[in-house]
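> Sequence and predicted structure below; questions after.
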Amino acid sequence: MIKILANDGIDPIGKKMLEDAGFEVDTNNIPQDELPVKLQNYDAITVRSATKVRKALIDACPNLKLIGRGGVGVDNIDVDYAKEKGIGVYNTPASSSLSVAELVFSHLFTGVRFLQDSNRKMPVEGNTKFNDLKKAYAKGVELRGRTLGIVGFGRIGREVAKIAIGVGMDVIAYDLFPFNPEVEVVLGSGGTKVSVTIKTATLDEIIKTADFITLHTPFVDKALLGAEELAQTKKGVGLVNCSRGGLIDELALVDALNSGQVSFAALDVFDNEPTPRQEIISHPKISLTPHIGAATNEAQERIGVELASLIIGHFNK
Ligand SMILES: O=C(O)[C@H](O)COP(=O)(O)O
């Protein structure tokens, strides 16, 4: 019987699909340093972003035939090495796009209305003391009519664009690869479809002209927004990163927030996950979430089902 270790969990529906297909599935959270021994008993492992499947672990587990990533980013897996060894590597790139896009907008609305700061201040200052003077910090702006720059126009970037159009924002987008600028917006739940053409731009144009910038690229070694780029943004720009830590230089970001060059940042991902640096966690102008872009019932169910189908397909080839 094929044994699968679902180390960062798997949705119950996906688990049941695998069990119905005759696989044994252990849902567990085995610490990274114990995996080289414990994973030897399994034919396959599924992970989210927490568990790393690097060369050393692959070498320690000659029985391993499949690595499943329940999610989009595979930067926690040595994909090429695994494939060289004949191990199947699968991810679920389409399942969580909408959930991530909705988190981006949660953060955008949070940022422009200072919810992150209010959530920190109110428990400390009490709910009887707020007056016009104390509320002055929270004079925000509206999103409608403002320009959202989307860096990376893949599945998630496109979902973000659709919401932005619904909110009444102007969208400009950049991607390394050519892309279709038409997005289909559905009015209401299952309602009329409207095709909208968004404006394409260079990264430089986005940096210099957008009121808000949201990042949707895979992990890259060099920050897309470092000190130099942040200095060229529109004064008071708002930044959202629900993609990968490292895309914004965190220390340069803190400086830019302190100087007012950046009015707020919203981060779901960090340089040092799972322990982000203190300057970031405690900054009043940063809205924080702990890498939860894909953490919805819907996304996790879709991921579990897609992953289960891929695993079943692989072993039944
Ligand atoms: O790449 C992804 O799909 C996201 O970063 C989600 O990561 P998670 O599976 O750890 O929530």
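Looks like it came in fine.

> is it true that residue 272 touches residue 245?
Yes. Between residue 272 and residue 245 there is a contact at 7.5 Å, judged by C-beta atoms under 8 Å. Yep, even glycine has a C-beta here, placed from its N, CA and C like the rest.

> and the two? which has more neighbours close in?
Neighbours per residue (other C-beta atoms under 10 Å) separate residue 272 from residue 245, with residue 245 holding more: 20 against 11.

> and that one, what is it in contact with?
Contact analysis of residue 245 by C-beta atoms under 8 Å, 6 or more residues apart in numbering lists 219, 269, 270, 271, 272, 273.

> now do 6 Å
Each residue near residue 245 by C-beta atoms under 6 Å, 6 or more residues apart in numbering is listed here: 269, 270, 271, 273.

> Surely it is within a strand?
No. With DSSP: H, G, I helix; E, B strand; the rest coil as the criterion, residue 245 is located in coil rather than a strand.

> Might you report the residue contacts of residue 248?
Here residue 248 is in contact with 223, 225, 241 (criterion: C-beta under 6 Å, 6+ apart).

> In three-state terms, label residue 67 for me.
Looking at residue 67 with three-state DSSP, the answer is strand.

> what about it, how many neighbours?
Look at residue 67: counted by other C-beta under 10 Å, it has 25 neighbours.

> surely it meets residue 89?
Yes. Using C-beta atoms under 6 Å, residue 67 is in contact with residue 89, at 4.9 Å.

> what's the overlap in contacts for the two?
By C-beta under 6 Å, 6+ apart, the residues touching both residue 67 and residue 89 are residue 82.

> How much space separates residue 97 from residue 262?
Distance, residue 97 to residue 262, by C-beta to C-beta, to the nearest Å: 26 Å.

> Those two: which is more packed in?
Remark: of residue 97 and residue 262, residue 262 carries more neighbours, 26 against 22, as counted by other C-beta under 10 Å.

> Hmm, residue 252 and that one touching each other?
No. Residue 262 is not in contact with residue 252 according to C-beta under 6 Å; the separation is 9.5 Å.

> burial count for the closest residue to the ligand within the chain?
Residue nearest to the ligand within the chain (C-beta to the nearest ligand atom): residue 71, separated by 2.6 Å. Residue 71 is flanked by 23 other residues according to other C-beta under 10 Å.

> So it, which state does it fall into?
coil.

> List of residues touching the helix or strand of the chain with the lowest mean pLDDT?
Taking mean pLDDT, DSSP states H and E as the measure, the helix or strand of the chain with the lowest value is helix 132-135, at a mean of 79. Around helix 132-135, nothing counts as a contact under C-beta under 6 Å, 6+ apart.
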